[in-house]
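Engineer: My questions are about this predicted structure, shown below with the sequence.
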Amino acid sequence: ASRALPVIAQEPNTLSAEEKAAGFRLLFDGTTASDWRGYRQKTLPSGWTVTDGTLGLTAGSGEPSSGDIVTKEEYGNFELRLQWRIAKDGNSGIMYRVSEEYPAPYESGPEMQVLDNDGHADGKNPATSAGSNYALHAPPSDVTRPVGLWNRARLVVQGKRVEHWLNGRKLLE
């Protein structure tokens with residue numbers, strides 16, 4: 001099914017004048033992952049690479065927990081804006097408010113699911129589909145773009161209030 005989406009005019013890995021004025025901080029400049037490290041690690045795991053302005057996990061890196069990265073700085077209330085794309089059958093997520101006192105981030109923080117809804121089994125259940133608050137709250141509809149294309153995600157986390165946005169649509173509150 002074809003999905004009409006707004007065009008993204010802003011250059012990747014930049015902040016607009018409005019975002020700068022609002023206090024946004026660039027967490028990835030397209031050339032270095034210096035604001036990131038592995039979960040419960042001091043450095044970025046070798047499975048993660050910066051290539052052509054993107055930060056990504058190398059397929060088949062085989063490293064234990066190579067998929068789990070966190071920002072070096074901690075944030076309380078925040079708005080996170082990013083673009084993601086996923087490989088065929090891919091499964092990932094954006095976890096927030098995690099605590100490193102646990103062996104894995106999913107033990108302490110909720111997750112905005114990042115998924116190939118058409119290719120991965122979790123896509124068959126709305127509660128575990130892309131954009132969901134994984135296994136807790138389902139989005140009202142699938143607004144993902146096809147595998148290989150970029151999706152715009154936005155997380156607004158203010159106290160107990162959380163919003164999941166995907167491709168310009170608020171999915172959850």
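Structural biologist: On my side now, so go ahead.

Engineer: Give me the neighbour count for the residue lying closest to Y102 once chain neighbours are set aside.
Structural biologist: Closest residue in space to Y102, ignoring its immediate chain neighbours: S108 at 5.0 Å, by C-beta to C-beta, 6 or more residues apart in numbering. Heads up, the C-betas are built off the backbone N, CA and C, glycines and all. Counted with other C-beta atoms under 10 Å, the neighbours of S108 add up to 13.

Engineer: list the contacts for S108?
Structural biologist: Going by C-beta atoms under 8 Å, 6 or more residues apart in numbering, S108 touches R97, V98, S99, E101, Y102.

Engineer: Could you tell me how far it is located from A121?
Structural biologist: Per C-beta to C-beta, to the nearest Å, S108 is found 25 Å from A121.

Engineer: what about the helices in this protein?
Structural biologist: Along the chain, the segments classed as helices by DSSP state H run 17-21.

Engineer: For it, which residue occupies the most central location?
Structural biologist: I94 (3.9 Å; C-alpha atoms, centre = their mean).

Engineer: partner residues bridging W84?
Structural biologist: Beta-bridge partners of W84, counted by DSSP bridges, are N151.

Engineer: So it sits against Q113, correct?
Structural biologist: No - with contact taken as C-beta atoms under 8 Å, W84 and Q113 are classed as non-touching, separated by 10.8 Å.

Engineer: what about these two, which has more around it?
Structural biologist: Comparing W84 with Q113 by other C-beta under 10 Å, the one with more neighbours is Q113, at 25 against 19.

Engineer: what sits against the more buried one?
Structural biologist: Q113 makes contact with G93, D122, T128, S129, A130, G131, S132, N133, Y134 under the criterion C-beta under 8 Å, 6+ apart.

Engineer: Same question for D89.
Structural biologist: Counted by C-beta under 8 Å, 6+ apart, D89 has contacts D116, G119, H120.
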